[in-house]
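Chemist: structural data only, the sequence is not supplied:
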Ligand SMILES: [Fe+2]
Ligand SMILES: [Fe+2]
């Protein structure tokens, strides 16, 4: 049949166009590409893209200027493969960048929560950097295990510098930790760098070590926080949750209690993490933990160890690319507590209010999921 193109041919042609366009991704071609990615990927790209986080602050004395409210955007876990392998995840990140660029006013900065690459390869990380450079707002970034274990962070650090750092923004102290430090398990197994990477990328293979923050970063953290009063506003970014959820999948940080002890003296601390690709809520004493969605795919919930405050996202259909996805927003109140708003498929927006967290789930209980999670 003259002129006939199969759905697959059309899809592959479109995909080729997408990748050709990625070669020199300037602002104009980015806009064209992201629009094309949205159109062609309807039903293919996961709808989770980013979460705006608004930090409210009491106005300070006139002219102080450091207690202004502000907003940043959080994007995480894009898991980019080399471009000829998988385009769906590329489209997911393009969409997130495009969505954030469409915010008006622009956020003060964008925080990327780790796992930009899937197998830590230079080409994956470069592809990610090429897409992220199109953000209009300044980028702050954290490392995930998928970025790190092929070359032990060499390429990532070449692109982004140190994986542990802190910064102050309008009176809030932000800390960025590398929470995916593993003890050497590879030498005794004589693993190649790719075998090491694939072992860490796997879930319950029983070969790898556990994630830690490690002693040197804990020392750094103590020093970094030493200058702050106990009522300072502190937001910590970690890749893995800074608590112990489920060890076989490395939803876990082995020295979590030691890190929590360093944060204990503050009135309230907010920890925002990626890695688990799912909505999670937890509170340990003065520390409130928020697990964020991925742009790539949602993980199932762990079979045990789930923090009891978590209001689960809906996951009724593992074969649907929109399953377990959605978006949301996080208003951080001036007292340091958070409203977590989820907009999930087949569910009305759910707002988790600070009273739910501060009363250990007794007050302001949000509606429970109306569909089962598998
Ligand atoms: Fe991830
Ligand atoms: Fe991860």
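Modeler: Looks like it arrived, so ask away. This structure is a prediction, so every number in the text was calculated from the model and none was measured. Ligands and ions are numbered 1, 2, ... in the order given.
Chemist: ok, for residue 363, nearest residue in space, not its chain neighbours?
Modeler: residue 355 (4.4 Å; CB to CB, 6 or more residues apart in numbering). All C-beta atoms are positioned from the backbone trio N, CA, C, and that covers glycine.
Chemist: typo on my end, it should be residue 83
Modeler: In space, residue 83 is closest to residue 19, 4.9 Å off (CB to CB, 6+ apart).
Chemist: measure the residue nearest to residue 363 to residue 224 for me?
Modeler: Computed as CB to CB, to the nearest Å, the residue 355 to residue 224 distance reads 31 Å.
Chemist: show me where the stretch 51-200 of the chain has helices.
Modeler: Using DSSP state H, counting those that start in this stretch, the helices found in the stretch 51-200 of the chain span residues 88-101, 122-132, 145-148, 154-160, 193-201.
Chemist: got a list of contacts for the fourth one?
Modeler: Spelled out, it's helix 154-160. 120, 122, 125-126, 129, 141, 143, 147-148, 163 (CB atoms under 8 Å, 6 or more residues apart in numbering).
Chemist: quick check: closest non-adjacent residue to residue 302.
Modeler: residue 246 (3.4 Å).
Chemist: that older thread, and residue 355 and residue 224? Which one has more around it.
Modeler: Neighbours were counted for residue 355 and for residue 224 using other CB atoms under 10 Å; residue 224 has more, 16 against 12.
Chemist: the more buried one reaches residue 174, doesn't it?
Modeler: No. Contact criterion CB atoms under 8 Å: residue 224 and residue 174 do not qualify, at 10.6 Å.
Chemist: any common contacting residues for those two?
Modeler: residue 166.
Chemist: nearest residue to residue 70 other than its sequence neighbours?
Modeler: Using CB to CB, 6+ apart and skipping residues adjacent in sequence, the residue nearest residue 70 is residue 108, 4.7 Å away.
Chemist: how much space is there between the one you found and ligand 1?
Modeler: 25 Å (CB to the ion, to the nearest Å).
Chemist: burial of that residue, as a residue count?
Modeler: Neighbours of residue 108 using other CB under 10 Å come to 15.
Chemist: roughly how far apart are residue 198 and residue 145?
Modeler: Using CB to CB, we find residue 198 at a distance of 11 Å from residue 145.
Chemist: compare those two (neighbour count), which wins?
Modeler: Between residue 198 and residue 145, counted using other CB under 10 Å, the more crowded position is residue 145 (23 against 16).
Chemist: which one is that one nearest to, not counting chain neighbours?
Modeler: Nearest non-adjacent residue to residue 145 (CB to CB, 6+ apart): residue 180, at 4.1 Å.
Chemist: from memory the one you found sits against residue 240, does it?
Modeler: Yes. The criterion here is CB under 8 Å, and residue 180 meets it with residue 240 at 6.0 Å.
Chemist: about what we covered before: for the residue nearest to residue 302, grab phi and psi.
Modeler: With angles defined as degrees, to the nearest 10, residue 246 sits at phi -150, psi 110.
Chemist: residues contacting the residue nearest to residue 83?
Modeler: Applying CB under 8 Å, 6+ apart to residue 19 gives the contacts 83-84, 87.
Chemist: residue 80 reaches residue 87, doesn't it?
Modeler: No. Counting by CB under 8 Å, residue 80 stays clear of residue 87, with 9.8 Å between them.
Chemist: who has more neighbours, these two?
Modeler: residue 80 (30 against 25).
Chemist: and the one residue in the stretch 151-300 of the chain that gets nearest to ligand 2, helix, strand or coil?
Modeler: Taking CB to the ion, ligand 2 has its nearest neighbour within the stretch 151-300 of the chain at residue 275, 3.8 Å off. With DSSP: H, G, I helix; E, B strand; the rest coil as the basis, residue 275 sits in coil.
Chemist: contacting residues around stretch 265-274?
Modeler: Applying CB under 8 Å, 6+ apart, the contact partners of stretch 265-274 are 53, 74, 76-77, 111, 113-115, 142, 144, 179, 228, 230-232, 234-242, 263, 286-292, 294, 330, 332, 335-338.
Chemist: return the subset of those lying in strands.
Modeler: 53, 74, 111, 234-238, 287-291, 330, 332 (DSSP state E).
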